[in-house]
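**Q** sharing a model prediction with you, sequence too.
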Amino acid sequence: MSEKVLLTGISGFVAKHVAIELLNSGYEVLGTVRNSSSIDQTKKTLEENNVSTEKLSFVKLDLLKDEGWNEAAEGCKYIIHVASPFPLKVSNDRESLTPAAKDGTLRVLNAGINAEVEHFVKTSSIVCMFRKPNRSNPYTFGENDWTDLEWDKTTDYFVSKTRAEKAAWDLMKSKGLKNSLTCINPGFVLGDFLNEKTSTSMEYAKQLLQGKYPAAPKFSVMISHVKDVAKAHVLSLSNKKAGGRRLIVGSEVRSILELSKIMAKNIPSHAKKLPKRELPNFMVKLISYIDTSAKTMVPDLGLKMQTDQTYAEDILQIKFTASEIAVVDAAKSLIRLNLA
């Protein structure tokens, strides 16, 4: 097989794993980068993971500009759109990330439609599904749920991801191509970070291991192993059952304190730095005024979320990896990279 895939944001944490999965499965990959400087590092990282880069090429493109997207999509059978901003800090402007996320998504999809691409897979997130006012506790969400964009506690990242995914479905439905799109909706993605290039997932894991949190916020989230997320993208390309679906990819819901305990048990060298108790909610709210990265958690403090992702396992015919493995793989890779 040598079917060509346009993969956006190839130098990112999730996209590097998607590239590995694609190249190991025999696909030809054209990876987009925002800066040419990341090409060599990405190629080197893939080769260090015993991946042949013979069928890999790169193109420099910007999600905020039209130039080059139509040409890049030409001759591609599939598009996997991973690139999207996910900063650690939260902006007071709830729409600050929307242009790159939403307009970028539409640029990529339109280029693919013009090039008669067969199937599109977009990296979305469960953040598009679970944030709304007046939730029960525990709160159950699923494939048909959407985050409430009108709620003022819906922060910039949640807004951008939700607007981007909604826009993707609206466009594909308007063209009669709903079944040519699959969205992959993971939770908090952990696993092997592969190289030193920073990501928000990496920063949160790093801060835990470095002892930044004397106590843990009462915040819980579904954990997704990056390898499962990558496999889900690639398996969806040629799986008719995945067409038109939003696939929740992940395993157990874990609190930050549980993540900390898993790390302490498996990385005893760092056990002393890891939090051993939980912070009262009011303290997290106070901290969020100084450290905006804490703002992301505030609307969900003390909330136990739950979801049933077995339908995605059935469609993809895989079993998602236990959260403990994802947490340990992340921690061990940070130590291997001398980042914690």
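**A** Great, that's in hand.
**Q** for Gly269, what are its contacts?
**A** Not Gly; residue 269 is Ser. Residues near Ser269 by Cβ atoms under 8 Å, 6 or more residues apart in numbering: Ile335. Bear in mind the C-beta positions are built from the backbone N, C-alpha and C, glycine included.
**Q** residue with max distance from the center of the protein?
**A** Lys272 (29.7 Å; Cα atoms, centre = their mean).
**Q** sec struct for that one, please.
**A** Recorded secondary structure, Lys272: helix (DSSP: H, G, I helix; E, B strand; the rest coil).
**Q** distance check, it against Arg254.
**A** Counting by Cβ to Cβ, to the nearest Å, the gap from Lys272 to Arg254 is 21 Å.
**Q** likewise for Ile223?
**A** 5 Å.
**Q** which residues do those two both contact?
**A** With Cβ under 8 Å, 6+ apart, Ile223 and Arg254 have common neighbours Ser323, Val327.
**Q** picking up where we left off before, now the residue farthest from the centre of the chain: how far from Val249?
**A** From Lys272 across to Val249, the span is 34 Å (Cβ to Cβ).
**Q** ditto for Ile184
**A** In terms of Cβ to Cβ, Ile184 sits 6 Å off from Val249.
**Q** those two: who's more crowded?
**A** Legend: neighbour count by other Cβ atoms under 10 Å for Ile184 and Val249, higher for Ile184 (30 against 27).
**Q** quick one, helices of the stretch 151-300 of the chain?
**A** 156-174, 200-209, 226-237, 256-266, 281-290 (DSSP state H, counting those that start in this stretch).
**Q** looking at those helices, which is closest to Val51?
**A** helix 226-237 (12.1 Å; Cβ to Cβ).
**Q** determine which stretch of the helices of the stretch 151-300 of the chain is the most buried.
**A** helix 226-237 (a mean of 24; mean count of other Cβ atoms under 10 Å).
**Q** packing partners of it?
**A** Judged by 3 or more Cβ pairs under 8 Å, 6 or more residues apart in numbering; DSSP states H and E, the packing partners of helix 226-237 are helix 13-24, strand 78-81, strand 119-123, strand 181-186, strand 188-190, strand 246-249, helix 310-316.
**Q** for the closest residue to Pro217 other than its chain neighbours, list the residues it contacts.
**A** Distance criterion Cβ to Cβ, 6 or more residues apart in numbering; nearest residue to Pro217, sequence neighbours excluded, is Val284 at 4.5 Å. Going by Cβ under 8 Å, 6+ apart, Val284 touches Pro217, Lys218, Phe219, Ala294, Met297, Val298, Leu301.
**Q** 10 Å instead, please
**A** 215-219, 278, 291, 294-295, 297-298, 301-302 (Cβ atoms under 10 Å, 6 or more residues apart in numbering).
**Q** can you check Gly211 too?
**A** Gly211 neighbours (Cβ under 10 Å, 6+ apart): His270, Lys272, Lys273, Leu274, Pro275, Ala340.
**Q** surely the second one is in contact with Ala264?
**A** Going back to what we said before, that points to Lys272. Yes - counting by Cβ atoms under 10 Å, Lys272 touches Ala264, with 8.6 Å between them.
**Q** let me see the contact set for the closest residue to Val127 other than its chain neighbours.
**A** Leaving out its chain neighbours, the residue that sits closest to Val127 by Cβ to Cβ, 6+ apart is Phe158, at 4.7 Å. By Cβ under 10 Å, 6+ apart, the residues touching Phe158 are 90, 94, 97, 125, 127-131, 147-149, 151, 296, 299.
**Q** can I have the buried ones of the residues you listed as a PyMOL selection?
**A** PyMOL command restricting those to the buried ones, with burial defined by 16 or more other Cβ atoms under 10 Å:
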select buried, resi 90+94+97+125+127+128+129+130+131+147+148+296+299
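**Q** hmm, which of the contacts of Phe158 is lowest in pLDDT?
**A** In terms of pLDDT, the weakest of those is Val90, which scores 79.
**Q** much appreciated, bye for now.
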